[in-house]
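Trainee: give the three-dimensional model of this entry:
(2 chains)
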Amino acid sequence: DAEITQSPRHKITETGRQVTLACHQTWNHNNMFWYRQDLGHGLRLIHYSYGVHDTNKGEVSDGYSVSRSNTEDLPLTLESAASSQTSVYFCASSESSASGRGETQYFGPGTRLLVL
Amino acid sequence: DAKTTQPTSMDCAEGRAANLPCNHSTISGNEYVYWYRQIHSQGPQYIIHGLKNNETNEMASLIITEDRKSSTLILPHATLRDTAVYYCIVRAAYGTYKYIFGTGTRLKVLA
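Mentor: Reported below is the predicted structural model:
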């Protein structure tokens, strides 16, 4: 069955280190998204991509980067991890279509990141 | 994207219908209403979405008012496993595919 996976599921790192979180989907969806979730804030959009080589900043993009070299993967990189980036990170994907219909996002299981 | 307003928390007795309201008074004509839920710290789970008409699937029903300024998610026979945070999201059908999440409604189903 098609799915969306994230790795690692749990990560502990130190401030200043570079960290990359992986997201892989097998639905062949064009659109992929990264969110972070913190208490009191719900889910906030970090970066998103509408296709290969396309990336866009979301509402909380500072300190994060993404690259899209193929359809299946959208890795999220924390260039220099900070304690404020301790959070749960969710990846999602959706189809895009010319019909104009709203397209449903499907979420991965999440990665818990602790920055010490 | 239009913003949404939901109550912070609600309780519902097991076996009864859970009715979760959402206000989206600034919604525009091409914006869909989506509902997701999140159980514990799992990834958000899609429930249902609609544009103008009421919708029903195996999980829930979605009632959208005629002026589209509010909607209600109905879980017809709530179970303990329906305890979760429920998010109402409004997003455009064209161009931008991103969601803007609010803080959701924490539904607690009581035995």
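
Trainee: give the contact list for B:Gly102.
Mentor: A:Gly42, B:Lys3, B:Thr4, B:Thr5, B:Gln6, B:Tyr87, B:Cys88, B:Ile89 (Cβ atoms under 8 Å, 6 or more residues apart in numbering or on different chains). For glycine as for every other residue, the C-beta is placed from the backbone atoms N, C-alpha and C.

Trainee: so the second one lies in a strand, does it not?
Mentor: It stands for B:Lys3. No: under DSSP: H, G, I helix; E, B strand; the rest coil, B:Lys3 sits outside any strand and is assigned coil.

Trainee: what number of residues lie near it?
Mentor: B:Lys3 sits with 13 neighbouring residues when counted by other Cβ atoms under 10 Å in any protein chain shown.

Trainee: just to check, it is in contact with B:Val90?
Mentor: Yes: under the criterion of Cβ atoms under 8 Å, B:Lys3 is in contact with B:Val90, at a separation of 7.5 Å.

Trainee: shared neighbours of the two, anything?
Mentor: B:His24, B:Ile100.

Trainee: what about B:Thr103, how many neighbours?
Mentor: 16.

Trainee: counting by contacts, list what the helix or strand where B:Met10 lies packs against.
Mentor: Using DSSP states H and E, B:Met10 maps to strand B:9-13. Contacts defined by 3 or more Cβ pairs under 8 Å, 6 or more residues apart in numbering or on different chains; DSSP states H and E place strand B:9-13 against strand B:18-23, strand B:105-110.

Trainee: in its sheet, what does the following helix or strand past the first one sit against?
Mentor: Under the assignment DSSP H and E, the closest C-terminal helix or strand after strand B:18-23 is strand B:31-38. When pairs are called by DSSP bridges, strand B:31-38 turns out to pair with strand B:45-50 (antiparallel), strand B:84-92 (antiparallel).

Trainee: and the angle for the shortest one with strand B:18-23?
Mentor: It refers to strand B:45-50. Put simply, strand B:45-50 runs at 60 degrees to strand B:18-23, going by axes from the mean of the first three to the mean of the last three Cα atoms, to 10 degrees.

Trainee: what mean pLDDT does strand B:45-50 have?
Mentor: Averaging pLDDT along strand B:45-50 gives 94.

Trainee: residues in contact with B:Lys108?
Mentor: B:Ser9, B:Met10, B:Asp11, B:Cys12, B:Thr83.

Trainee: which of those sits closest to B:Cys22?
Mentor: Within the set of those, B:Met10 lies nearest B:Cys22; the separation is 11.9 Å, counting by Cβ to Cβ.
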